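Colleague: Coordinates only, no sequence provided:
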């Protein structure tokens, strides 16, 4: 045993498999001096592949964990230094996403840059490509997707079935569209809508003023979609490599409440015909936008197996979180592989079924999970907490995934664990 004054206690942060653990090395001081003298010069040190991620939320966090497992360094650009991704990344740069100088600073330190969300200004992002740095998805891909009306038009040109849609410039035009398309009608913001924000379902013409006000139609560009009487909502994760190779994941069913995803069931209980149609549409959509990386494709299916595309997201997607435990290679790992031009991994499921349940904030309060010790007693449940500082009503704070021999048993385990975790004020 070495005397305490001859020991150097060093806390080293080690990231593996999504978990953070503290490794304490206890070495005699003389051994440390010898080790330091024997270290190789910096010029011969290993240079890890370096990934830059714009945005530091939970999607960046899970992407960073996948990249770290593959031996990459990850640098995140976020507006603060305590985001979910900053907790696991190699380094965090603090700056505005839409500031070209901040974007160039990130790009200059990495081999390839990707995004966590589609709300970043493409004009700002263009400086990355103009400076000769690699960015995926490209600004051209993002320009086709960011504006949802433009996205719909792009998908329609590719021959993909969608609901009827049209731009609406004012309330008078909106009233005309309600008569043309019928009610209910969905009014949407063309940009920056997610998790129910930016959507309003008009049930009667009397709702038009409230819908217009809710989406700030006098300042924001809006469009309207015919309401789809679907049998189920589906989603497909697809990863496309720089060489055009594609990895397509199983079709899943998503259960939405108030436009927020609550449950994802894999695989979806649809016919082989509908499953194949969904896969074909996903491939065609990604080809149409020349996407590189993992993308989320949302679709509708009718009772007679008609499939139409709803929208797509140019990034890893909530409907694919189940792939971390449920598939041989997760959507996050395949995203990293695509970004670096590496071979894509298998999308096969490791068990017949997987179910993911989102953990949503119940109210304003701390982001610390309450009841997690009870949830951890549920066998087969995999719990992911995103590390957000604050909870908000409906805010995504984590998720639970369970895999099993069938959807019913996987869902029972996932729901049991999710039901024991609470975020927000207890008062």
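Modeller: Now that the structure is in, tell me what you want to look at. Just so we're clear, the structure is a prediction, and the values are computed from it rather than from any experiment.
Colleague: any chance you could map the helices in the chain?
Modeller: Per DSSP state H, the chain carries helices over the ranges 29-37, 58-69, 100-107, 122-130, 139-146, 148-157, 171-181, 208-214, 272-289, 323-326, 331-340, 372-375, 407-418.
Colleague: So which of those is nearest residue 242?
Modeller: Minimum separation from residue 242 across the helices of the chain (C-beta to C-beta) falls at helix 331-340, 6.8 Å. Backbone N, C-alpha and C define where each C-beta goes, glycine included.
Colleague: Can you name the residues in contact with that closest one?
Modeller: 49, 51, 62-63, 65-67, 69-70, 72, 111-112, 114, 136, 237, 239-242, 247, 249, 292-294, 316-317, 320-321, 323-324, 329, 342-345, 347 (C-beta atoms under 8 Å, 6 or more residues apart in numbering).
Colleague: tilt between that helix and helix 58-69?
Modeller: 70 degrees (axes from the mean of the first three to the mean of the last three C-alpha atoms, to 10 degrees).
Colleague: coming back round to it: redo the helices of the chain as JSON lines? Include mean neighbour count.
Modeller: Below are the helices of the chain laid out as JSON lines (neighbours: other C-beta atoms under 10 Å):
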{"stretch": "helix 29-37", "mean neighbour count": "11"}
{"stretch": "helix 58-69", "mean neighbour count": "26"}
{"stretch": "helix 100-107", "mean neighbour count": "19"}
{"stretch": "helix 122-130", "mean neighbour count": "17"}
{"stretch": "helix 139-146", "mean neighbour count": "20"}
{"stretch": "helix 148-157", "mean neighbour count": "19"}
{"stretch": "helix 171-181", "mean neighbour count": "16"}
{"stretch": "helix 208-214", "mean neighbour count": "16"}
{"stretch": "helix 272-289", "mean neighbour count": "19"}
{"stretch": "helix 323-326", "mean neighbour count": "25"}
{"stretch": "helix 331-340", "mean neighbour count": "26"}
{"stretch": "helix 372-375", "mean neighbour count": "15"}
{"stretch": "helix 407-418", "mean neighbour count": "20"}
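Colleague: Make CSV from those and add distance to residue 398 to it.
Modeller: CSV is the format used below for the helices of the chain (distance: least, C-beta to C-beta, whole Å):
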stretch, distance to residue 398
helix 29-37, 39
helix 58-69, 8
helix 100-107, 27
helix 122-130, 29
helix 139-146, 27
helix 148-157, 28
helix 171-181, 38
helix 208-214, 29
helix 272-289, 27
helix 323-326, 12
helix 331-340, 15
helix 372-375, 9
helix 407-418, 9
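Colleague: Kindly provide the whole-number mean pLDDT of stretch 129-143.
Modeller: Looking at stretch 129-143 alone, the average pLDDT works out to 97.
Colleague: sorry, back to before: check the helices of the chain for me: which has the lowest mean pLDDT.
Modeller: Looking at those, the bottom one is helix 29-37 with a mean of 39.
Colleague: For the spatially closest residue to residue 227 that is not a sequence neighbour, give me its contacts.
Modeller: Among residues not flanking residue 227 along the chain, residue 184 sits closest, at 4.4 Å (C-beta to C-beta, 6 or more residues apart in numbering). Applying C-beta under 8 Å, 6+ apart, we find residue 184 in contact with 201-203, 227.
Colleague: Now the phi/psi pair for residue 184, please.
Modeller: In terms of degrees, to the nearest 10, the main-chain angles of residue 184 are phi -70, psi 160.
Colleague: Residue 328 too?
Modeller: Main-chain torsions, residue 328, degrees, to the nearest 10: phi -60, psi -50.
Colleague: do you know how far the closest residue to it other than its chain neighbours is from residue 287?
Modeller: Of all residues not flanking residue 328 in the chain, residue 346 sits nearest, at 4.0 Å (C-beta to C-beta, 6+ apart). Going from residue 346 to residue 287 by C-beta to C-beta, to the nearest Å gives 21 Å.
Colleague: Residue 334 now?
Modeller: 17 Å.
Colleague: how is the chain carved up into domains?
Modeller: 4-44, 50-135, 164-226, 232-418 (automatic domain parsing).
Colleague: My read is that residue 281 contacts residue 310, right?
Modeller: No - here residue 281 does not reach residue 310: they are 10.4 Å apart, not a contact under C-beta atoms under 8 Å.
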